[in-house]
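>>> whatever this is, show me its structure:
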Amino acid sequence: MGADILTPGQRRAVEALASTWGHLYDIGSRDGRYYARRDDGTGEALDAGSAPALDAAIRADRAREARR
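Numbers count the residues shown, from 1 in each chain. Predicted structure coming up:
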C-alpha cells in the first residue's frame with residue numbers, strides 16, 4: 001500500500017499494534033483504516049476502523065489459527 005499521513009494518535013496506535021503483533025503481521029493504517037496482513041502470506045488481510053477493533057480481529061485470527 002502507498003504512504004499515508006498518520007496523525008500522532010494513529011501512529012502511536014500502529015506502533016503499539018506492531019510491538020505486540022509485528023513479528024506475525026505487517027500492520028499499518030491507510031485512509032483512516034487499520035490493516036494487518038500475515039507475514040507468512042496465509043489467511044486474509046484484516047481491516048478495521050480502529051486500533052482496538054484491529055487488535056480484536058488479530059486475536060480472533062490467532063484463535064482460529066490455534067484451532068487448526
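>>> the longest helix seen in the chain - contacts with which helices or strands?
The single longest helix within the chain, with elements called by DSSP state H, is helix 51-67. Secondary-structure packing of helix 51-67 (3 or more Cβ pairs under 8 Å, 6 or more residues apart in numbering; DSSP states H and E): helix 8-21, strand 33-38, strand 46-48. The way it works is simple: take the backbone N, C-alpha and C, and place the C-beta from them, glycine included.
>>> winner for burial among these?
Neighbour counts (mean count of other Cβ atoms under 10 Å) averaged over each of the helices and strands packed on helix 51-67 peak at strand 33-38, with a mean of 19.
>>> can you redo the helices and strands packed on helix 51-67 as JSON lines with mean pLDDT and distance to Arg68?
Formatted as JSON lines, these follow (pLDDT from 0 to 100; distance: least, Cβ to Cβ, whole Å):
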{"stretch": "helix 8-21", "mean pLDDT": "94", "distance to Arg68": "18"}
{"stretch": "strand 33-38", "mean pLDDT": "96", "distance to Arg68": "13"}
{"stretch": "strand 46-48", "mean pLDDT": "97", "distance to Arg68": "17"}
